[in-house]
Every structure is written in structure tokens, then in C-alpha cells.
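1. Predicted coordinates and the sequence they were generated for:
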Amino acid sequence: MSRRTVPGQARTCPLCKATILESATVCPACRHHLRFDPRGGQLEWSSFVPLRVEGTLRPPVDGEAWEYSILLTIKDDRGQEMARQVLGVGAVKPDEERTFELSVEVLAPKPAAEVTTA
Ligand SMILES: [Zn+2]
């Protein structure tokens, strides 16, 4: 099998400086295609999104502005927090709305039977 990156290993997107997966060929933050493929094209991967949630905040028209903070936590199989991060804060005026979307993209090696070798 090919030289494989360590699962979950991170790197910095050369374009937007976001922390992304070493294995990513498209940056999920800026959506740019990255020329460098650390997998060397040796291993076929498929991606899927097993989790996506979306919600909208809209304060009452005759009310006051709402403040919000976006908190992300990641827990392991024992419920212990592995990461806890405030991703952003802001405010929504009564005549505005904000929509938030969280998605988790998974990259998984395709089963060997599905991999076509050149
Ligand atoms: Zn990027």
C-alpha cells in the first residue's frame, strides 16, 4: 500500500491559512483545490457528510438586537471534551436574520474492491 498520512493529521491551507486535514485535496474553508496531494494518488478516498444541521436566528421585529456566540465542542467516546472553541460572536438586529450551518465531512478510504488501479 502507499505511503499514507496519519489519520487526522492536520496542515495549514496555503491560501487561507485554515487548519485542514493533511489528506484534503480541496480546502473546506476557501474551497480551493490544492495541488499537493499527500496521498500521491495511491489511495482512493470517498467523502460524505454524516452530519449537517442548520438553524436561523430572527429576533422579534419589535424587540432588541440579539447577541450570539457560536460554540463548538468535540467529545470522545467517554463524553470527555477533546475540543471546545468559540467560532464566532456577533449580533442580529430585529430586521435581520442569521443562518448557521454546521457540517461534518468524513474522508474514508474506499474498500480495496472499489479501487481501480492504473
Ligand atoms: Zn483554504
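-> Cool, got the structure. Numbers count the residues shown, from 1 in each chain.
2. does the nearest residue in space to Glu101 that is not next to it in sequence count as helix, strand or coil?
-> Nearest residue to Glu101, sequence neighbours excluded (C-beta to C-beta, 6 or more residues apart in numbering): Glu54, at 4.4 Å. Every C-beta, even on glycine, is put in place using the N, C-alpha and C of the backbone. Secondary structure, DSSP: H, G, I helix; E, B strand; the rest coil: Glu54 is strand.
3. Enumerate every residue touching Glu54.
-> 99-102 (C-beta atoms under 8 Å, 6 or more residues apart in numbering).
4. With Ile20 instead?
-> Taking C-beta under 8 Å, 6+ apart, one finds 10-13, 27-29 in contact with Ile20.
5. any idea which of the residues you listed has the most stuff around it?
-> Counting neighbours by other C-beta atoms under 10 Å, the top entry in those is Cys27, with 19 neighbours.
6. thought it was touching Cys13?
-> Yes - with contact defined as C-beta atoms under 8 Å, Cys27 and Cys13 form a contacting pair (4.4 Å).
7. circling back: need the contacts of Ile20 in CSV with pLDDT, secondary structure and distance to the ion, can you?
-> Shown next, in CSV, are the contacts of Ile20 (pLDDT from 0 to 100; DSSP: H, G, I helix; E, B strand; the rest coil; distance: C-beta to the ion, whole Å):
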residue, pLDDT, secondary structure, distance to the ion
Ala10, 91, strand, 13
Arg11, 92, strand, 11
Thr12, 94, strand, 9
Cys13, 93, coil, 3
Cys27, 90, coil, 3
Pro28, 88, coil, 8
Ala29, 90, coil, 5
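8. Not counting sequence-adjacent ones, nearest residue to Pro94?
-> Pro59 (4.8 Å).
9. mind checking which helix or strand that neighbour is in?
-> Pro59 belongs to no helix or strand when assigned by DSSP states H and E.
10. how close does it sit to Ala83?
-> 30 Å (C-beta to C-beta, to the nearest Å).
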